[in-house]
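J.: Here you go, sequence then predicted model.
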Amino acid sequence: MKNLYLLLAILGAVIPYFFFVQFFSAEGLALGRFVSALFANGAAGGFSADLLISSLVFWLYMHQQRKRNAGPALLPFVALNLLIGLSCALPAYLYAQET
């Protein structure tokens, strides 16, 4: 599973960034437009809300694991979650737990 988590973390970084680069190339670095696009319609809003809630649950889970001394440090994975996304941060966290 360890190698699969690593592969998924890499894919979870590359694939979202492909779309982010397309968006920012077309729209520029206007964060307001980016946030508006996240909730542009019901489908996009539903996916965005799902991702935000899932990220919060992931952070709470990591915090609980850390309190039990059963998980790696939180900060690198929170940073991955904020800078890349949950699709990278979660498998990277699982990979780190396997190490």
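T.: Nice, I can see it.

J.: Just list what the helix or strand of the chain with the lowest mean pLDDT packs against, helices and strands only.
T.: Ranked by mean pLDDT, DSSP states H and E, the weakest helix or strand in the chain is helix 31-38, scoring a mean of 93. For helix 31-38, the contact count by 3 or more Cβ pairs under 8 Å, 6 or more residues apart in numbering; DSSP states H and E identifies helix 2-27, helix 42-67 as packing neighbours. The C-beta positions use only the backbone N, C-alpha and C, and glycine is treated the same way.

J.: quick one: the last one to chain centroid distance?
T.: In this view, helix 42-67 has its centroid 9 Å away from the chain centroid, taken as Cα atoms, centre = their mean, to the nearest Å.

J.: which residues sit against the next helix or strand after it?
T.: Heading C-terminal from helix 42-67, the first helix or strand you meet, by DSSP states H and E, is helix 75-83. Applying Cβ atoms under 8 Å, 6 or more residues apart in numbering, the contact partners of helix 75-83 are 55, 58, 59, 62, 88, 89, 92, 93, 96.
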